[in-house]
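In: With the sequence up front, the predicted model follows.
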Amino acid sequence: MISQRSATYFCRLRLVAMRLLVGLACVAVNDAAARAGGGPENLFLVVNPRSYESLTIANHYQAWRGIAGANVFYLPWEGTTEITDLASFREKILLPIFTEIGNRKLDQQIDYVVYSAGYPYGVTIREKREGEMAEPVASLTSATYLYNLAIQNSPQLEGLQSNYYMRQPDSRLGDEPLGFSSAYRFDLLGRRVQARSGRAYMLSAMLGHTGNRGNTLTEILTYLRSAISADGSRPAGTIYFVRNDDRRSTARHDVFDEAAAAVRRAGIEAEVLTGVLPSNKRDVAGLCSGAANFSWADSGSSLLPGAFCDNLTSFGGVLAGGRGQTQLSEFLRFGAAGACGTVAEPTVHNKLQINGRPVEYQLKFPHPLVHAYYVSGCSLAEAFYQSIMGPYQQLLVGDPLCQPWAVPAEVHVAGLDVSQPVSGSVDLAPSAVSLRAPVDHFEFFVDGIQLASCRDGESISLDSTKLGDGVHELRVASIEASPLETQGHASALFRVDNQGRTIQLQRVDGGGVLTKEAFAVEVEAPNSSEILLYLNREIVGKIAGDKGALTIDPAKYGGGPLTFRALGLAENADQRPVFSEPMIVESEIALRQPVGGIP
């Protein structure tokens, strides 16, 4: 069980990233920077540019979560959004994602690969064998979490003990929440081991699914916005564990009391009820249940922002037609921050035991302690993946960064006057106000790329001559000096002026932020050989010479906030490019339509 002290144990290991732009006036943190919970700098957002829904969901999520353009990847997919084959998934989705992470020099900071809508929710990993009841179908998210096994086409992908990150409540290691990092390696016993001698993972989730039994675009945007609003709110609600005589409940409800006690020790209310769903409860902060069919509307209960809901049934993650059970999308429709379910018939009959106790309930479905991990301050994705032993059929949908019970610090940075241009080197001295514990160290990012770490009380020297003139973004994350190691965040735009280069990006139609129609922009960057217009990391227009105009059709890029930037390439090879201020346009396109403006 989770003790009062260990309920907050959550740490992360993080290798110090590239230092090309920063001269350090501090020491590295054991050649690593630890963090827990994750933040926007740790998330790689994968977007299907052929899908209006995928673009629109991603546009909003990026803006709401503050995800840098460097962390957004437009990956075309024109196949099914239901079940694809392993070769197509590996060659057209998984490998391009990890290749792009490496090419962008983000591999030392990415812990989450998150899909917007528009991708298949399941992956057939092999042919079904004669007499076999379970379907050999993995979920998109778990096949990404188990990326090493998927790339190798390893039979261990569908193993019932493939997730060494799972805490094992009845083992010698116990159920202590353990911080996740993509840099961690785990052995078969769940112990962290040295790099290359254990198994690595990558947290993954889908923001939403709009096909068949998924959710509408409006529903997805609504529950994502609600989830983000829940961060750090410590909801005044109750985690409910609901048992009944159905085999879907009996599979794991013998540990409901244990899980509820662990939740209470973390200071959060928990109740174990009898039935299918909580009845007329207006304070549902989380749910663990087991039933084939249910109607949340008929229960009379309400989900609080940040709630994670887990119902054990065979087809909860089957988001295609033809299945009679209630899908995970029902919870999301009524405001859950996240929900999970299997994408094919799991048929668990394994009689694996630990210390003489059956653990069938742990194999393909989350252990009820998932809620204890969540209320300890874990992110939704961290809580989920450390609770399930054989996750390959489980689909996780919602906001993986949601952290309702985290306590972030308030971060400040001295030495950077954003009202004045920066030249040469500037010393940055971070500090933080924490409600729970002092800060151990800080991590620095410029234009989305991790640069360095320094301990509390130290500073870094930022060499602006290597950035190029124009506008850049500084992000600073504080890492708490406690077992939980929660992150706090601060960010600011600043202007660099070392070579006297300038660039101006502006709309010429006089329009404001909101638009439904195509609009024109003018860009001028004196002494430039070419000007490039970007949406995140994708080029959407080019101008020969040092000035010109472009027409932008927002219909190509989906609805919601769009952030454009211009970059002027210098005529003189000794000069660096110049970067414009970001230009934010809110696309009001409401109707679903074909898109394809992003290559």
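Out: Sure, I can see it. Residues are numbered from 1 along each chain as shown.
In: Can you list the low-confidence ranges for the stretch 451-599 of the chain?
Out: 483, 510-512, 589-599 (pLDDT under 70).
In: now the strands: where do they sit in it?
Out: Taking DSSP state E, counting those that start in this stretch to define them, one finds strands in the stretch 451-599 of the chain at 459-463, 470-480, 487-496, 504-507, 514-515, 519-524, 528-535, 538-544, 547-552, 560-570, 578-579, 583-587.
In: a markdown table for those strands, including mean neighbour count?
Out: For the C-beta atoms, the positions are set from N, CA and C on the backbone; glycine is no exception. Shown next, in a markdown table, are the strands of the stretch 451-599 of the chain (neighbours: other Cβ atoms under 10 Å):
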| stretch | mean neighbour count |
| --- | --- |
| strand 459-463 | 20 |
| strand 470-480 | 24 |
| strand 487-496 | 19 |
| strand 504-507 | 17 |
| strand 514-515 | 14 |
| strand 519-524 | 18 |
| strand 528-535 | 20 |
| strand 538-544 | 15 |
| strand 547-552 | 16 |
| strand 560-570 | 21 |
| strand 578-579 | 26 |
| strand 583-587 | 18 |
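In: Can you say which of the ones you listed is nearest to Leu312?
Out: Closest approach to Leu312 among the strands of the stretch 451-599 of the chain is made by strand 487-496 (32.1 Å; Cβ to Cβ).
In: ok so, going back, just put the strands of the stretch 451-599 of the chain in JSON lines and tack on distance to Leu221.
Out: Formatted as JSON lines, these follow (distance: least, Cβ to Cβ, whole Å):
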{"stretch": "strand 459-463", "distance to Leu221": "37"}
{"stretch": "strand 470-480", "distance to Leu221": "25"}
{"stretch": "strand 487-496", "distance to Leu221": "23"}
{"stretch": "strand 504-507", "distance to Leu221": "26"}
{"stretch": "strand 514-515", "distance to Leu221": "17"}
{"stretch": "strand 519-524", "distance to Leu221": "24"}
{"stretch": "strand 528-535", "distance to Leu221": "19"}
{"stretch": "strand 538-544", "distance to Leu221": "22"}
{"stretch": "strand 547-552", "distance to Leu221": "23"}
{"stretch": "strand 560-570", "distance to Leu221": "8"}
{"stretch": "strand 578-579", "distance to Leu221": "30"}
{"stretch": "strand 583-587", "distance to Leu221": "13"}
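In: so what's Leu562 bridging to?
Out: Leu562 has these beta-bridge partners by DSSP bridges: Val585.
In: Please read the previous query as pertaining to Arg199.
Out: Under the criterion used (DSSP bridges), Arg199 bridges to Phe186.
In: And it, how far from Leu149?
Out: Plainly put, Arg199 is 8 Å away from Leu149 if you go by Cβ to Cβ, to the nearest Å.
In: Of the two, which one has the most company?
Out: When neighbours are counted by other Cβ atoms under 10 Å, Arg199 and Leu149 differ, and Leu149 comes out ahead with 21 against 18.
In: I'd assumed the more buried one was in a strand, is it?
Out: No - counting by DSSP: H, G, I helix; E, B strand; the rest coil, Leu149 is not part of a strand but helix.
In: and it, what does it touch?
Out: 156-157, 162 (Cβ atoms under 8 Å, 6 or more residues apart in numbering).
In: Restrict stretch 331-343 to CA atoms and write it as CSV.
Out: Provided in CSV are the C-alpha atoms of stretch 331-343 (Å, rounded to 0.1, in the frame of the first residue of the first chain):
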residue,chain,number,x,y,z
PHE,A,331,-17.0,9.0,-20.0
LEU,A,332,-15.2,11.6,-22.1
ARG,A,333,-18.6,12.8,-23.4
PHE,A,334,-19.5,13.8,-19.9
GLY,A,335,-16.3,15.5,-19.1
ALA,A,336,-13.7,12.9,-18.0
ALA,A,337,-10.1,14.0,-18.5
GLY,A,338,-9.1,10.5,-19.6
ALA,A,339,-10.5,7.0,-20.0
CYS,A,340,-9.2,3.7,-21.2
GLY,A,341,-10.4,0.4,-22.7
THR,A,342,-9.2,-2.6,-24.7
VAL,A,343,-9.4,-2.4,-28.5
